[in-house]
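Asks: just the structure for this:
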Amino acid sequence: MITERDVTGFEFKTVATDSLSAAERESMRRLFDACYREANHEHLEKSLARLRFVTYAWQDEQLAGFGIGDSLVSDLPRLPQTSVTLGGLCCVLPDFRRRGLFSALEVRSIAAGGAPLQERALSVGRMAHPGAFRLMARNATVVPKPGVTPTPWQQEVGQAIADIYGVENFDPETFVCVGSGKPIGYPVIELETKEEEWEVFRHVDRARGDALLGIFWNPDAPEGW
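Replies: As a prediction, this is how the structure comes out:
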């Protein structure tokens with residue numbers, strides 16, 4: 001579950017992705033370009049087509065960031081009517097980073113999906129860099145884990161989530177979402193990483209547009225997970 005820090009001073013607006021105006025889409029493309037080198041606008045449009053909500057953040061009339069997300073109830077393998085929270089592409093301008101905006105944007109977009117609160121929920125997201133995976137990696141129920149092949153059940157659930165995201169080529173043994181053949185983009189940010197953090201990304205080819213699917217349970221995993 002994403003937790004939110006104090007984001008006093010920002011103005012937020014959440015809108016349905018299918019109601020975005022041409023001007024709103026253009027503002028997102030410009031911000032995407034500012035946050036990523038070789039930003040793939042086609043990937044952005046696919047994200048907007050799959051996930052139903054986007055949240056904007058402004059400060060002093062400047063667009064500081066946006067985050068795409070959703071939540072729903074799905075019949076996953078051996079897990080009927082499961083609440084799923086789906087994280088999507090999130091961009092925050094460099095001047096506004098490390099102030100809690102990423103979480104604030106994603107929380108609002110996920111909540112807009114309207115999935116009812118349940119005793120247990122599956123949180124999911126796609127990432128291409130260990131820095132984005134750190135929050136998930138701290139959870140004991142996370143899949144994938146370094147050096148551990150997902151169980152058959154975990155692979156089935158992973159495939160089901162990849163289908164929700166519209167991933168055409170998913171490797172259930174590595175949890176790699178194979179890309180379209182060109183990069184999603186390379187984030188304009190410097191993050192210190194440890195060698196072991198790259199282990200689960202060994203098969204992720206960023207030049208091909210790959211991403212790693214990460215999933216974890218909140219507050220705990222179902223029996224047998």
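Asks: what are the pairing partners of the helix or strand bottoming out on mean pLDDT in the chain, and which direction each?
Replies: One helix or strand of the chain scores below all others by mean pLDDT, DSSP states H and E: strand 186-187, with a mean of 88. Strand pairing for strand 186-187, determined by DSSP bridges: strand 36-37 (antiparallel).
Asks: how far off centre is the least confident helix or strand of the chain?
Replies: Centroid separation between strand 186-187 and its chain, computed with CA atoms, centre = their mean, to the nearest Å, is 15 Å.
Asks: got the contact list for it?
Replies: Identification of contacts with strand 186-187 by CB atoms under 8 Å, 6 or more residues apart in numbering yields 35-38, 129, 206. All C-beta spots, glycine's among them, are computed from the backbone N, C-alpha and C.
Asks: mind redoing it with 7 Å?
Replies: 35-38, 129 (CB atoms under 7 Å, 6 or more residues apart in numbering).
Asks: which pair in those residues spans the largest distance?
Replies: The distance between the two most remote of the contacts of strand 186-187 (CB to CB) is 14.3 Å, for 38 and 129.
Asks: does anything pack onto the helix or strand harbouring residue 91? Which helices or strands?
Replies: According to DSSP states H and E, residue 91 maps onto strand 79-92. Contacting strand 79-92 under the criterion 3 or more CB pairs under 7 Å, 6 or more residues apart in numbering; DSSP states H and E are the following elements: helix 22-35, helix 41-50, strand 62-76, helix 101-112, strand 121-127.
Asks: which of these sits closest to residue 193?
Replies: Nearest to residue 193, of the helices and strands packed on strand 79-92 and by CB to CB, is strand 121-127 at 12.4 Å.
Asks: for this protein, give me the ranges with low pLDDT.
Replies: 1-6 (pLDDT under 70).
Asks: against residue 183, how distant is the residue located most distally from the centre of it?
Replies: Distance from the centre of the chain peaks at residue 60, with 27.1 Å (CA atoms, centre = their mean). According to CB to CB, to the nearest Å, residue 60 and residue 183 sit 32 Å apart.
Asks: please consider this matter closed, and thank you.
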